[in-house]
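J.: Just a sequence and a predicted model for now, questions to come.
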Amino acid sequence: MRPEATGDPRLAAELARLAGHDGRRVAAAVVDLGAAVPIRLAFIGADERTLFEVGSVTKAMTGMLLADAIERAELSLDATAGELLPGLAGSAVSAVTVQQLCTHTSGLPRLPSDLHTAARVALFAFLGHDPYRGITASRVLALAARQRLNHPGRASYSNLGAAVLGQLLAIRAGASFADLLRTRIFAPVGMRSAAVATRQHKAAPGRSASGLPRAPWIQDGYAPAGGVIATVDDMAALAAALLDRAAPGWSSMTPIDGVDTGRPYRRRGMFWIIDPLPSGSVMTWHNGATGGYSAFLALFPETRRAITVLGSVSRPADQKRIALGLAESAAVFRAG
């Protein structure tokens, strides 16, 4: 029997209606900075302390680190990987710019093209093994240095590119990626439980899209592409700070001109996806999935509203459907 939805009564009722009966742990937050109660939460089988893997929503946080580093004059969008890490000299990736990395136009593959990575992906597909565990930051950069670029300037989603950028930012700041994210984003925003997952600190096992149990992922060197764990309260705090332009790196949500996104109506910020709505406003968003979790975070800057949905099942389309259903619900955004 599915647990009852708890939390804010109106939000919980809508979450229960939209979530269905698959038994997952799910948590949702609605942020409305113009309401008397600006943040409201609801849960099914979870609470304020439940940690979720947010997957590629992490990339948006890496984008915030980038925007913050630019404001600190540590680098620019035009800087190349080779300028930031001279050890990459002579490789194709050395000429890739920071802007190309944060807009998925670098030409790097989604994952490295090598037999070891192919074997890891196969083990994930057939047995559910974590494909990223144990790959260090230095190994990620070494793998990137061996890749051929495929049509730089053209949109092509790359977890490898996101990981490279995050590790270059960490090197530039003289810190690990986990420490950089903690000190520059999590602490200032008030994301008290958020962290990069480690073997000692991780989410509980989740479930695959077909319902099979999946061990938590430890993404190590790939953490900038998808390694964050957080509570829904953390994600609500992040959304509120971004809407209020109080978060370090909030300018990462600003569209970057002249970027190929693969879709004529779409624009990109620093990893953020920016889509127009029928109303004429925009939705700035990112989703994410790991072996056993999925997440969706959407911000509506014009109305100073946001919605995030986290689930312990690897079905990102479900979390997007729930989030957009909540966004369309008059009951959820009614004043009060």
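T.: Structure received. Residues are numbered from 1 along each chain as shown.

J.: Distance of the residue lying closest to Ala95 once chain neighbours are set aside relative to Pro301?
T.: Spatially, and ignoring its direct neighbours in sequence, Ala95 is nearest to Thr80 (5.7 Å; Cβ to Cβ, 6 or more residues apart in numbering). Where C-beta positions appear, they are placed from N, C-alpha and C, glycine not excepted. Separation of Thr80 from Pro301 (Cβ to Cβ, to the nearest Å): 31 Å.

J.: buried sites along the helix or strand of the chain at the bottom of the mean pLDDT ranking?
T.: Ranking every helix and strand in the chain by mean pLDDT, DSSP states H and E puts helix 115-127 at the bottom, with a mean of 79. Across helix 115-127, burial judged by 16 or more other Cβ atoms under 10 Å covers Thr117, Arg120, Phe124.

J.: Now do the helices for the stretch 151-300 of the chain: every range, in order, please.
T.: 159-173, 177-181, 187-189, 223-226, 232-243 (DSSP state H, counting those that start in this stretch).

J.: which ones are touching the residue most central in space within the chain?
T.: In the chain, the C-alpha nearest the mean C-alpha coordinate belongs to Val57, at 1.1 Å (Cα atoms, centre = their mean). Going by Cβ atoms under 8 Å, 6 or more residues apart in numbering, Val57 touches Val228, Met235, His286, Asn287, Gly288, Ala295, Phe296, Leu297.

J.: can you redo the residues you listed as TSV with neighbour count and pLDDT?
T.: Formatted as TSV, those follow (neighbours: other Cβ atoms under 10 Å; pLDDT from 0 to 100):
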residue	neighbour count	pLDDT
Val228	31	98
Met235	29	98
His286	22	98
Asn287	22	98
Gly288	25	98
Ala295	30	98
Phe296	28	98
Leu297	26	98
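
J.: Looking at those, which is nearest Gly63?
T.: His286 (8.6 Å; Cβ to Cβ).

J.: From Pro112, how far off is that closest one?
T.: 23 Å.

J.: Can you give me the distance of Ala125 to Arg139?
T.: Ala125 is 22 Å from Arg139, where distance means Cβ to Cβ.

J.: Repeat that for Ala12.
T.: In this view, Ala12 and Arg139 are 44 Å apart by Cβ to Cβ.
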